[in-house]
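Trainee: I would like the atomic coordinates for the input below:
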Amino acid sequence: MATGHTEVQVRPGSEDDLKALTDLYNHYVRETPITFDTEPFTPEERRPWLLSHPEDGPYRLRVATDADSQEILGYATSGPYRPKPAYATSVETTVYVAPHAGRRGIGSLLYASLFDALAGEDVHRAYAAVAQPNEASARLHARFGFRHVGTYREVGRKFGRYWDVAWYERRL
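Mentor: Sure thing, here's the model as predicted:
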């Protein structure tokens, strides 16, 4: 699909993407409250995360790339909501877009691909946690049928201040 001036492809993530995905995530670790991780990762530290997203099953990794350069422009994942067995039909989803690739519809492409991939899985609900404020993420989640179900106040501390996290859910 063309977004802006660049053709974008969305595909499953692979081990070849590990360094670029780690670099993208580390931007958000170092520069934003969007993730509550506080220390950057090495690719080797992120390998278990990558390997926890196979090409089938409820825990997926979808990657958006520039069709010409193959540069990673963003990624979306579904992962376990909570570790206890009764939560197995619920997933937590997330999207990260490269800072220079925002406002081009890449998050929407990634979520569309992720939810298409999950359509045949035994998954009942998707949940998303969004550090506040983040209007772009709130709009993205609303566009995909998520509804706000609550906000945890001052639940995380990063950069010397407390942050709220809004929770969204969507039936699958």
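
Trainee: drop to CA atoms for contacts and neighbour counts, all remaining ones
Mentor: Will do.

Trainee: which residues does the closest residue to L109 other than its chain neighbours bridge with?
Mentor: Distance criterion C-alpha to C-alpha, 6 or more residues apart in numbering; nearest residue to L109, sequence neighbours excluded, is V10 at 7.3 Å. Listed by DSSP bridges, the beta-bridge partners for V10 are A64.

Trainee: pLDDT weak spots in the chain?
Mentor: 1-6 (pLDDT under 70).

Trainee: Which parts of it are helices?
Mentor: 18-31, 43-51, 106-118, 135-143 (DSSP state H).

Trainee: For H124, find the nearest of those helices.
Mentor: Among these, helix 106-118 comes nearest to H124, with 9.9 Å by C-alpha to C-alpha.

Trainee: quick one: that closest one to helix 135-143, angle?
Mentor: Here helix 106-118 runs at an angle of 40 degrees relative to helix 135-143 (axes from the mean of the first three to the mean of the last three C-alpha atoms, to 10 degrees).

Trainee: From the chain's centroid, how far away is helix 106-118?
Mentor: 10 Å (C-alpha atoms, centre = their mean, to the nearest Å).

Trainee: Could I get the buried residue list for it?
Mentor: In terms of neighbour count (16 or more other C-alpha atoms under 10 Å), helix 106-118 has its buried residues at I106, G107, S108, L109, L110, Y111, A112, S113, L114, F115, A117, L118.

Trainee: and the nearest residue to the third one once chain neighbours are set aside, how far is that from L109?
Mentor: I take that to be S108. Of all residues not flanking S108 in the chain, L140 sits nearest, at 6.8 Å (C-alpha to C-alpha, 6+ apart). Per C-alpha to C-alpha, to the nearest Å, L140 is found 11 Å from L109.

Trainee: For these two, list the residues in contact with both.
Mentor: Shared contacts of L140 and L109, defined by C-alpha atoms under 8 Å, 6 or more residues apart in numbering, are absent.

Trainee: all strands for the protein, in order.
Mentor: Remark: strands assigned in the chain by DSSP state E are 2-3, 6-12, 61-66, 72-80, 90-97, 125-131, 147-158, 161-171.

Trainee: Throw the ones you listed into a markdown table and include distance to L18 and mean neighbour count, thanks.
Mentor: A markdown table is the format used below for the strands of the chain (distance: least, C-alpha to C-alpha, whole Å; neighbours: other C-alpha atoms under 10 Å):
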| stretch | distance to L18 | mean neighbour count |
| --- | --- | --- |
| strand 2-3 | 24 | 14 |
| strand 6-12 | 12 | 18 |
| strand 61-66 | 11 | 24 |
| strand 72-80 | 10 | 24 |
| strand 90-97 | 14 | 22 |
| strand 125-131 | 23 | 22 |
| strand 147-158 | 25 | 14 |
| strand 161-171 | 27 | 17 |
